[in-house]
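1. need a structure here:
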Amino acid sequence: MSYSLQLYLTNIASIEAVIDSKDQTKLTEIIEYDFSEDNSDGHEEFNLTVSEEIKPALECLVMGTQDSELDPADYGYALELIVASMGERLETALFKETRYSFLEQVQYVLPLVERPLPFKLLEWEGYPSVGYMTNQECKEFEGDLNHPEAIVRAGRDEIFDWIAAAANEDADLIGFWY
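-> This next block holds a predicted model:
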């Protein structure tokens with residue numbers, strides 16, 4: 001089975017401000033958000049939508065409540081909807097339909113898939129796993145492109161492009177791996 005990385009340029013502080021905000025207007029904006037641009041990459045299995053299954057988790061995240069009847073992973077998918085509605089989805093061509101072992105080889109992508117967000121959030125096990133890099137970390141990033149395998153070098157090159165984009169746009173990176 002293969003997995004995929006979904007990555008966003010966004011502002012972590014803005015995302016944090018929505019969590020537990022009880023902001024009904026913001027909740028409505030997210031529910032009504034047009035995700036069609038985010039869904040235009042030809043990978044229908046990763047299309048974003050506020051489904052009836054995920055909507056209660058989204059409501060809980062924004063309104064500061066919990067529902068013990070929900071699958072805890074639904075909160076992760078709901079978080080991605082918040083991030084997507086407030087950020088820019090990046091192309092992750094080399095990280096679609098891949099395995100975790102590739103991430104380990106590429107190495108620099110790991111904080112984007114296995115680093116808990118720096119604010120209070122209900123934890124879940126399994127997928128999606130979430131990670132981030134702050135704008136400051138992106139600005140200070142120094143990586144090595146060298147690797148004996150061309151595919152790993154290409155993966156690192158793609159990551160370096162994401163990090164440069166975040167640094168140049170004063171944005172943070174948030175990744176979802178599933």
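
2. these two touch, right, Asp20 and Gln66?
-> No: taking contacts as C-beta atoms under 8 Å, Asp20 lies outside contact range of Gln66: 10.6 Å. Just so you know, the C-beta spots here come from the backbone N, C-alpha and C atoms, and that holds for glycine as well.

3. Contacts only, for the residue nearest to Ser21 when sequence neighbours are not counted.
-> Closest residue in space to Ser21, ignoring its immediate chain neighbours: Val62 at 6.1 Å, by C-beta to C-beta, 6 or more residues apart in numbering. Neighbour list for Val62: 18-23, 26-27, 30, 82 [criterion: C-beta atoms under 8 Å, 6 or more residues apart in numbering].

4. How much space separates Val62 from Gly87?
-> 16 Å (C-beta to C-beta, to the nearest Å).

5. How far does the helix or strand bottoming out on mean pLDDT in the chain sit from its chain's centre?
-> Scoring the helices and strands of the chain by mean pLDDT, DSSP states H and E places helix 100-106 at the bottom, with a mean of 80. In terms of C-alpha atoms, centre = their mean, to the nearest Å, the centre of helix 100-106 is found 17 Å from the chain centre.

6. got the buried residues for it?
-> 102-103, 106 (16 or more other C-beta atoms under 10 Å).

7. quick one on the thing from earlier: what is the mean pLDDT for the strand or helix carrying the residue nearest to Ser21?
-> If you go by DSSP states H and E, Val62 is part of helix 55-63. Helix 55-63 carries an average pLDDT of 94.

8. The next helix or strand after it packs against which elements?
-> With elements assigned by DSSP H and E, the helix or strand that comes after helix 55-63 is helix 73-86. Packing partners of helix 73-86 (3 or more C-beta pairs under 8 Å, 6 or more residues apart in numbering; DSSP states H and E): strand 5-10, helix 12-18, helix 24-32, helix 55-63, strand 129-133, strand 172-177.

9. Now helix 73-86: buried residues?
-> Within helix 73-86, the residues scored as buried using 16+ other C-beta under 10 Å are 73-86.

10. so how far is it off the chain centroid?
-> 8 Å.

11. what do you get for stretch 147-160?
-> 21 Å.

12. of the buried residues of helix 100-106, closest to Tyr178?
-> Nearest to Tyr178 among the buried residues of helix 100-106 is Leu103, at 12.6 Å by C-beta to C-beta.

13. Thanks a lot, catch you later.
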